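Enquirer: Sequence and predicted structure, then a few things I'm wondering about:
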Amino acid sequence: MKNFKIIVICTGNSCRSQMAEGYLKYFSNKMQLNIEVYSAGIEAHGINPNARDIMLEDGINISAHTSNLIEEFIGENITHVLTVCDHANQNCPIFPEKTSITHFNFSDPSKLKGSEKEIENAFRKTRNEIKIYCEKYLINNFS
């Protein structure tokens, strides 16, 4: 059986890519898929505490994730690349032709200015969109 490696890329590897990594790991395990999942950023900003908390609210613990630079994964035989923001899509390194590259721009809740409740709701909205996207991605590409 082929071993697939998915990397999710965003600007700072602090929020959206971390959420997607968490859900891809969760769903691939649930579907019994042989997939390794990583996330990285054009920059590494550390895990956003709001992203960590909102994921934990849905039973996914990303507190042990690390914030990594995309350069750390060059040459790692990545089979699938998901970019989750336009900036990462425009600045993504070149991967071999055989690599499947998919892009979807999710809103960045860490950029929102507002009350604590508004920020929490923005994180929840992005989390829910990423959750649906990740499950559909695995079903459409690996089932």
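Expert: Looks like it arrived, so ask away.
Enquirer: Distance-wise, check the closest residue in space to residue 3 that isn't next to it in sequence relative to residue 100.
Expert: Leaving aside its sequence neighbours, residue 3 sits nearest to residue 34 (C-beta to C-beta, 6 or more residues apart in numbering; 5.8 Å). In short, each C-beta sits where N, CA and C put it, glycine included. Separation of residue 34 from residue 100 (C-beta to C-beta, to the nearest Å): 16 Å.
Enquirer: So which of these two has more stuff around it?
Expert: residue 100 (13 against 10; other C-beta atoms under 10 Å).
Enquirer: Run through the bridge partners of the more buried one.
Expert: residue 80 (DSSP bridges).
Enquirer: how close does it sit to residue 48?
Expert: In terms of C-beta to C-beta, residue 100 sits 27 Å off from residue 48.
Enquirer: Now whatever helix or strand residue 51 lives in: buried residues?
Expert: Assigned by DSSP states H and E, residue 51 belongs to helix 49-57. The neighbour-count check on helix 49-57 (16 or more other C-beta atoms under 10 Å) flags 50, 51, 52, 54, 55 as buried.
Enquirer: Right, I'll call it a day here.
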